[in-house]
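[1] pasted the sequence and its predicted model underneath.
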Amino acid sequence: MIRTGKEYIDSIRDGRRVWINGERVDDVPTHPMFSPIVQFRAHLYDMQHDAGSGPVLVHVDGDGRKVPHLLKLPRSQTDWQSKRGYIDLMLNSAGGVID
């Protein structure tokens, strides 16, 4: 199962203790130092559910399970091309920069 962006954000609100520059972080997803990357990762999870980008980002195995192409063990040239498509789409979505 591929989770959504909201599920990802909720998963890191699990009571973990995070500190940065001597300051305790109460809520990682909204902290200014972490929010940009958290929001981008959540966006990537949501893109996997999108009809337009999902097929580029998600592989459906022989049992019908969905896994990100990035995590699929490459066994052919096509598998490597799928991984490259995943990376290209991810970087294009970020504009090459995460601020």
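    The structure has been received and is ready for your questions. Numbers count the residues shown, from 1 in each chain.
[2] packing partners of the helix or strand hosting residue 86?
    Assigned by DSSP states H and E, residue 86 belongs to helix 77-94. Using 3 or more CB pairs under 8 Å, 6 or more residues apart in numbering; DSSP states H and E, the elements in contact with helix 77-94 are helix 35-47, helix 54-57. Where you see a C-beta, it was placed from the backbone N, CA and C, and this is true even at glycine.
[3] residues of stretch 9-21 that come out buried?
    Buried residues in stretch 9-21, defined by neighbour count with 16 or more other CB atoms under 10 Å: residue 9.
[4] ends of it, what's the gap?
    Counting by CA to CA, to the nearest Å, you get 22 Å between the two ends of stretch 9-21.
[5] hang on, the earlier thing: what comes up buried for the helix holding residue 86?
    Neighbour-count burial for helix 77-94 flags 82, 83, 86, 89, 90 (criterion: 16+ other CB under 10 Å).
[6] dump the residues you listed into CSV; add pLDDT as well.
    Putting those into CSV (pLDDT from 0 to 100) gives the following:
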residue, pLDDT
82, 90
83, 90
86, 89
89, 89
90, 87
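[7] figure out which of the helices and strands packed on helix 77-94 is closest to residue 24.
    Closest to residue 24 of the helices and strands packed on helix 77-94 is helix 35-47 (CB to CB; 16.2 Å).
[8] and the closest one, how far from the chain's centre?
    Computed by CA atoms, centre = their mean, to the nearest Å, the chain-centroid distance of helix 35-47 equals 6 Å.
[9] which strands and helices sit next to that helix?
    Under the contact rule (3+ CB pairs under 8 Å, 6+ apart), helix 35-47 is packed against helix 5-11, helix 54-57, helix 77-94.
[10] one more time with 7 Å, if that's ok
    Counting contacts by 3 or more CB pairs under 7 Å, 6 or more residues apart in numbering; DSSP states H and E, helix 35-47 is packed against helix 5-11, helix 77-94.
[11] now the helix holding residue 86 and helix 35-47, what's the angle there?
    Helix 77-94 runs at 130 degrees relative to helix 35-47, counting by axes from the mean of the first three to the mean of the last three CA atoms, to 10 degrees.
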